[in-house]
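[1] Sequence and predicted model, in that order:
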Amino acid sequence: MTSTPTDLHLVDFANAAPDTLQSNVSNAIDSANAFLDKMTATTTDNDGDASAITAEQALADVMAFDHINLALDRSWGILSHLNSVMSNDEIRHVHHELLPKLSAYGTRVGQHQPLFSRYQAIVNDTAFFAALEPARARAIELALQSFELSGVALPKAEQEKFAEIQSKLSTLSATFSDHILDATQAYALPLNAEQLAGLTESGLALLADAGEQYKTRALASGILTQADIEALPKPYYVASLNIPVYLAVMTHADDRRLRETLYRAYVTRASEFDEHTNAKGESLNNADLMSEILQLREQKAKLLDFEHYADVSLSTKMADSVTEVETFLRDLAAQATPAAKQDLAQLQKYAQDYGIDELQPWDSAYIAEKVKQKEFSLSQEEIRPYFPLPTVISGLFTIVERLYGIKVKEQTLDNTDAHSVSRWHDDVRFYQLFDADDHLIGGFYFDLFARSGKRGGAWMNGFQARYRYEEQGHQQLPVCFMVGNFTPALDGKPSLLTHDEVLTLFHEFGHGLHHLLTQVSVGDVAGVNGVEWDAVELPSQFMENWAWDAEGIALISSHVETGEALPKDKLDALLAVKNFQSGLQTLRQIEFALFDLLIHAHTPALDYEGILATLNAVRSDIAVMQTPDYNRFANGFSHIFAGGYAAGYYSYKWAELLSADAFSKFEEEGIFNPITGKAFRDTILSVGGSFPAKTNFENFRGRSASIDALLCHNGFTNAGDAANVQTTREVI
């Protein structure tokens with residue numbers, strides 16, 4: 001079946017109204033439930049004897065049910081995406097109203113005995129199962145595991161309790177996320193001239209833009225009149241908690257009190273210290289939600305006969321146990337601590353020069369920037385003009401073309417063109433991906449700039465998986481959304497990225513390639529689907545390496561005004577600064593990961609005070625820099641309370657080990673070696689979740705993963721220290 005652009009099945013966002021999507025979701029659930037009802041009746045007609053169903057018929061039923069669910073995946077995928085990137089009261093209301101129905105449907109599927117019996121029938125016919133293509137066999141194995149984790153074997157009363165827990169968790173997680181978004185957008189701090197000292201030109205432009213957004217919201221809400229707004233100074237500078245603005249202040253503002261004020265606002269979002277309310281006048285404090293989420297997760301674990309929720313989470317990951325993960329994290333912390341102490345001492349030494357006797361968290365980014373300028377002659381603001389977004393994107397596409405033999409072509413966005421691609425916002429761009437023979441592979445959207453109504457952070461949404469259903473001649477190619485919150489274009493110039501933002505773009509594009517380059521057409525294991533959570537960050541972190549390589553940087557840098565390549569002195573400084581503060585950064589990630597692991601491994605479930613006590617205990621064990629008592633980082637930790645990383649945040653470090661070891665093969669054979677690139681594509685990117693991640697890695701590397709490359713890449717060891725890391729060498 002030849003691929004065509006119609007196989008992309010692109011969304012008409014112009015007509016994706018919330019009420020339409022709500023109807024589509026409800027209708028899709030109704031259709032799927034009708035299929036399950038019919039399956040139940042068929043099984044009942046056979047006197048409940050599932051063994052009367054042949055493996056062939058069972059597989060046909062399974063595949064037909066998968067196909068029916070495409071409509072739900074699509075309509076809900078669009079709505080949940082819009083709730084992340086264009087959130088407003090209408091979208092949020094519809095999204096949240098559907099959550100209980102979706103949860104009930106998901107639980108019914110996971111506990112549907114006749115459907116479960118179809119999967120059992122396939123596996124029980126050993127000859128038939130052995131003859132299946134590996135991707136289909138893997139999808140069936142993972143589905144059976146999912147049934148078990150959905151309570152399929154529970155008595156009826158416990159199944160109903162499980163369903164209630166799932167429904168509550170979906171609602172609580174959505175509310176947690178809402179509170180963070182609302183708290184972030186509710187904060188605005190107008191600044192006077194004295195507070196602007198030290199801010200860069202680009203930073204001032206960001207604050208002025210935030211001021212315009214503040215005036216628009218204040219006028220709409222009645223806080224200010226038009227006359228009030230006209231009386232305000234021009235430009236009107238406002239500090240906000242949106243990441244580009246926040247970082248501009250924390251990195252460059254000379255006013256230490258301002259930095260502390262903004263830091264406190266950021267780390268107390270959605271906590272008992274946050275006095276903001278939502279549109280209904282309700283508190284945004286996440287404290288009670290956090291404890292309730294942990295309690296419900298523990299109840300779920302107990303129903304499934306696990307000791308605690310961490311065991312539930314790890315049952316689907318590469319890591320075998322809480323002990324294994326905790327040992328990995330603490331061993332890595334031990335390796336990073338000497339470097340972290342040196343990092344801190346360096347900051348403290350420089351802080352003295354700026355009249356700071358005791359370094360505080362709100363000083364770190366500011367002093368670190370001063371150290372970079374002094375020690376490495378490097379300023380993020382000086383190199384920002386060398387990374388205009390169009391140049392970075394063009395260079396990124398050149399890099400992946402050289403590595404994997406693929407081509408990227410941007411599609412027209414002219415709304416007067418009948419063939420134009422529909423978008424949800426004017427900033428969005430759409431691209432098609434082609435193989436070397438011009439064979440269409442898939443498509444992706446870039447939505448890269450921060451704006452009101454958009455969730456913070458960066459992510460790749462694998463909206464549509466590669467999939468084929470021969471019975472109806474249906475084929476779809478993979479499509480994904482890659483989302484960021486970068487500094488937007490200002491003052492007539494394109495968006496100018498910091499190198500950290502460049503790394504973020506490369507990271508998300510790595511996820512995108514994992515999703516798009518799959519050759520698997522079984523949706524449940526195509527692309528990122530079915531990949532163990534602690535391995536899914538491998539391709540993304542792996543891709544970042546090309547933004548640290550001199551040859552790669554040459555492709556992605558060009559001065560926005562002169563077109564000049566990044567000068568050698570700045571390139572040398574940028575490469576030299578790669579491991580700057582890596583000790584402190586590593587301990588910070590380990591602190592988050594260990595906290596996440598321990599609160600989910602604790603039984604009975606912790607209340608809010610217990611959560612904070614655990615975080616403080618972890619900080620006491622791991623951190624080398626003190627944190628203020630009022631810091632409520634956990635209240636905004638959406639990865640674990642509103643995302644998929646519960647008892648899995650360690651995955652970033654686990655996968656970083658994999659990515660460093662994988663990249664070391666390129667370092668040995670040439671980082672643009674097309675043979676090595678093809679091997680990575682064939683063994684990692686193309687196979688998705690159709691084999692266990694450990695198998696895929698070993699097929700690429702020819703051995704188990706080693707921690708050596710990770711330690712070297714972070715600057716924690718060198719060849720002479722190799723003997724010191726033998727105890728943790730082959731940990732995966």
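    Good, I have the coordinates.
[2] how's the chain carved up into domains?
    The record's domain parsing of the chain by automatic domain parsing lists 5-132, 188-267.
[3] Using JSON lines, please lay out the ones you listed together with distance to residue 641.
    To be clear about C-beta, it is placed using only N, CA and C from the backbone, and glycine gets the same treatment. Below are the domains of the chain laid out as JSON lines (distance: least, Cβ to Cβ, whole Å):
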{"stretch": "domain 5-132", "distance to residue 641": "15"}
{"stretch": "domain 188-267", "distance to residue 641": "16"}
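[4] Of those, which is nearest residue 517?
    Closest of these to residue 517 is domain 5-132, at 15.2 Å (criterion: Cβ to Cβ).
[5] From the opening residue of that closest one to its closing one, how far?
    By Cα to Cα, to the nearest Å, the extent of domain 5-132 from end to end equals 30 Å.
[6] before we move on, back to that, out of the domains of the chain, flag the one nearest residue 529.
    Nearest of these to residue 529, taken as Cβ to Cβ: domain 5-132 at 10.6 Å.
[7] looking at the chain, which helix or strand does the model trust least?
    helix 380-383 (a mean of 86; mean pLDDT, DSSP states H and E).
[8] before we move on, back to that, can you put the domains of the chain in CSV and add mean pLDDT?
    Shown next, in CSV, are the domains of the chain (pLDDT from 0 to 100):
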stretch, mean pLDDT
domain 5-132, 93
domain 188-267, 94
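[9] between those, which one is nearest to residue 173?
    Among the domains of the chain, domain 5-132 sits nearest to residue 173 (Cβ to Cβ), with 8.9 Å.
[10] follow-up on the earlier one: can you tell me which of the domains of the chain comes nearest to residue 671?
    Comparing the domains of the chain by Cβ to Cβ, domain 188-267 comes nearest, at 29.5 Å.
[11] Would you confirm that residue 520 contacts residue 478?
    No - counting by Cβ atoms under 8 Å, residue 520 does not reach residue 478; the two are 9.8 Å apart.
[12] shared neighbours, those two?
    Residues within reach of residue 520 and of residue 478 at once, by Cβ atoms under 8 Å, 6 or more residues apart in numbering, are 466, 526-527.
[13] Show me which of those is closest to residue 443.
    Closest approach to residue 443 among the shared contacts of residue 520 and residue 478 (Cβ to Cβ): residue 466, at 11.5 Å.
[14] What is the burial count for that closest one?
    Residue 466 is flanked by 26 other residues according to other Cβ atoms under 10 Å.
[15] repeat for residue 326
    Close neighbours of residue 326, defined as other Cβ under 10 Å, add up to 18.
[16] give the contact list for it.
    For residue 326, the contact set (Cβ under 8 Å, 6+ apart) comprises 594, 597-598.
[17] ok, back up a step: gap between the least confident helix or strand of the chain and the chain center?
    27 Å (Cα atoms, centre = their mean, to the nearest Å).
[18] again, but for stretch 510-519
    Between the centre of stretch 510-519 and the centre of its chain there are 15 Å (Cα atoms, centre = their mean).
[19] Send me that stretch as CSV with only the CA atoms.
    Taking Å, rounded to 0.1, in the frame of the first residue of the first chain, the C-alpha atoms of stretch 510-519 are listed here in CSV:
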residue,chain,number,x,y,z
GLY,A,510,14.5,13.4,19.1
HIS,A,511,11.2,12.3,20.6
GLY,A,512,9.6,13.3,17.3
LEU,A,513,12.0,11.1,15.2
HIS,A,514,11.3,8.2,17.5
HIS,A,515,7.6,8.6,16.7
LEU,A,516,7.9,9.4,13.0
LEU,A,517,10.6,7.0,11.8
THR,A,518,8.9,3.8,13.0
GLN,A,519,8.4,1.0,10.5
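[20] tell me which residues of that stretch are tucked away?
    Applying a neighbour-count criterion of 16 or more other Cβ atoms under 10 Å, one finds 510-518 buried in stretch 510-519.
[21] In CSV: these, plus secondary structure and distance to residue 21.
    Output for the buried residues of stretch 510-519, formatted as CSV (DSSP: H, G, I helix; E, B strand; the rest coil; distance: Cβ to Cβ, whole Å):
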residue, secondary structure, distance to residue 21
510, helix, 30
511, helix, 25
512, helix, 24
513, helix, 29
514, helix, 27
515, helix, 22
516, helix, 25
517, coil, 29
518, coil, 27
